[in-house]
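Student: Model the structure of this input:
(one chain, ligands or ions: 1)
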Amino acid sequence: ALNQSLAEINGQINVSFEFFPPSNVEMEQTLWQSIDRLKNLKPKFVSVTYGANSGERDRTHSIIKGIKDKTGLDAAPHLTCIDATPEQLREIAKDYWDSGIRSIVALRGDLPAGGGKPNMYASDLVELLKSVGDFDISVAAYPEVHPEAKSAQADLINLKKKIDAGANRAITQFFFDVESYLRFRDRCVATGIDVEIVPGILPVSNFKQLQRFAAMTNVRVPQWMSQMFSGLDDDPETRKFVGASIAMDMVKILSREGVKDFHFYTLNRAELSYAICHTLGVRPV
Ligand code: FAD
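Tutor: So this is what the prediction gives:
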């Protein structure tokens, strides 16, 4: 059994890839090269983020359209509700539906600087989307608890609300403490959440940037990880291998724990995600 591949043990593994709208011509080229490579792994879907309050939803839409036209992949735009009225959201959803988009990642989005009380939560957005069309909807989940949540339990009940409103799966915030994901998954089951809790895998190559990111999002960066990257601030080449090795170990454990769906935060680069998929047995057909 030791020689059995993870794919043989687990059967079908589904992957999805997340991209973001590039901000210049060079990054745009990188994005399309990455999509071109990752499409060969036949992802279940790919998604493109939309920065809440950025006013750049059109860029997300045009990349989604480009992916659909060029690759035929199921392409899901991220949509946030914090920066739009219900009327606008219905309009956007209708527009997406009319252009053949059937999958959406439904989010609230971060509060703008200065805070305030949100007009809508993601659960309201899921309900609104379902009233426009029978979209396949992914929502966000937080194994280490969303920073604004009153408690872990309240956050879990919020996730249940999103699923009860019609969401088809949850994608987690990135994490490095595999135990926290596994405990969270158990708590989801105990709460009656019966959809896949898809782990969001972030292959890390820029550790400094990660530390900033993690602090903002309530994600714990374990001590062993800091040690792994220690001394590599000026060595991007080695950092890449270290990051790949960490992510490969993570997906191996998750896979042995029965996880069959993986979502990759690609940061628009194919290399690491592709290699990690390969070790999972996800290969071009
Ligand atoms: P919600 O599910 O609405 O939850 C937000 C907070 O409110 C939680 O703390 C929840 O417990 C609490 N809450 C919910 N309902 C209530 C209630 N009735 N009363 C009081 N509290 C309540 N951001 C972007 O801007 N663009 C993106 O493309 C994007 N993509 C993402 C993809 C993934 C997979 C993930 C995990 C996050 C993404 N984000 C994105 C970040 C996300 O927008 C933020 O984390 C945001 O702060 C919360 O969004 P949510 O959909 O989880 O909100």
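Student: what does the stretch 51-200 of the chain put close to the ligand?
Tutor: 51-52, 78, 80, 105, 107-110, 121-122, 140, 146, 148-149, 154-155, 158, 162, 171, 173, 200 (Cβ under 6 Å from any ligand atom). For every residue, glycine as well, the C-beta is placed using N, CA and C.
Student: in the protein, which helix has the most residues?
Tutor: helix 236-256 (DSSP state H).
Student: can you list contacts of it?
Tutor: Identification of contacts with helix 236-256 by Cβ atoms under 8 Å, 6 or more residues apart in numbering yields 6, 9-10, 13, 176, 178, 181, 199, 201-207, 225, 228-229, 232, 259, 262, 271-272, 275-276, 279-280.
Student: Ser34 contacts Pro22, doesn't it?
Tutor: No: applying Cβ atoms under 8 Å as the test, Ser34 and Pro22 come out as separate, 10.2 Å apart.
Student: okay, the two: which has more neighbours?
Tutor: Ranked by neighbour count (other Cβ atoms under 10 Å), Ser34 and Pro22 place Ser34 first, with 20 against 16.
Student: And stretch 211-227, how far out from the chain middle?
Tutor: Chain-centre distance of stretch 211-227: 17 Å, with Cα atoms, centre = their mean, to the nearest Å.
Student: Please apply the same query to stretch 11-25.
Tutor: So, by Cα atoms, centre = their mean, the centroid of stretch 11-25 is 8 Å from its chain's centroid.
Student: How about residues contacting that stretch?
Tutor: 6-7, 28, 30-31, 34-35, 38, 41, 43-50, 56, 59-60, 63, 171, 198, 200, 255, 260-268, 273, 277, 280-282.
Student: could you flag which of the residues you listed are buried?
Tutor: 6, 31, 34-35, 38, 41, 43-50, 59-60, 63, 171, 198, 200, 255, 261-268, 273, 277, 280-282 (16 or more other Cβ atoms under 10 Å).
Student: now Pro22: how far from Ser226?
Tutor: 30 Å (Cβ to Cβ, to the nearest Å).
Student: Also Leu210?
Tutor: Taking Cβ to Cβ, one finds Leu210 at 10 Å from Ser226.
Student: Which stretches in the chain count as strands?
Tutor: Assigned strands in the chain, in chain order: 14-19, 45-48, 75-80, 103-107, 136-141, 169-174, 196-201, 261-265 (criterion: DSSP state E).
Student: circling back to that earlier point, filter the residues of the stretch 51-200 of the chain next to the ligand down to the buried ones and hand me the PyMOL line.
Tutor: Only the buried entries of those go into this PyMOL selection, using 16+ other Cβ under 10 Å:
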select buried, resi 51+52+78+80+105+107+108+109+110+121+122+140+146+155+158+162+171+173+200
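Student: What pLDDT is listed against Met120?
Tutor: With respect to pLDDT, Met120 has a value of 96.
Student: Equivalent analysis for the one 10 residues further on, please.
Tutor: Predicted confidence (pLDDT) at Lys130: the value is 98.
Student: Then Ser5?
Tutor: 59.
Student: where in the protein is pLDDT low?
Tutor: The chain contains residues with pLDDT under 70 at 1-10.
Student: any idea where the helices of it begin and end?
Tutor: According to DSSP H, the helices that the chain contains are 6-10, 25-38, 57-71, 86-98, 122-132, 152-164, 178-190, 207-217, 223-229, 236-256, 271-280.
Student: what residues are up against the residue nearest to Phe45 when sequence neighbours are not counted?
Tutor: In space, and not counting its chain neighbours, Phe45 is closest to Asp74: 4.2 Å by Cβ to Cβ, 6 or more residues apart in numbering. When contacts are counted by Cβ under 8 Å, 6+ apart, Asp74 touches 44-46, 102-103, 136.
Student: Asp74 and Phe17, how far apart?
Tutor: 11 Å.
Student: same check, this time on Ala244
Tutor: Taken as Cβ to Cβ, the span from Ala244 to Phe17 is 16 Å.
Student: more crowded one of these two?
Tutor: Ranked by neighbour count (other Cβ under 10 Å), Ala244 and Phe17 place Phe17 first, with 26 against 19.
Student: Relative to Ser138, how far out is that one?
Tutor: Phe17 is 13 Å from Ser138, by Cβ to Cβ.
Student: Now list whatever residues contact both of these two.
Tutor: Joint contacts of Phe17 and Ser138 (Cβ under 8 Å, 6+ apart) are Ser47.
Student: related to what we said a few turns ago, overlap in contacts, Ser34 and Pro22.
Tutor: Going by Cβ under 8 Å, 6+ apart, residues that sit against Ser34 and also against Pro22 are Asn268.
Student: This completes my enquiry, with thanks.
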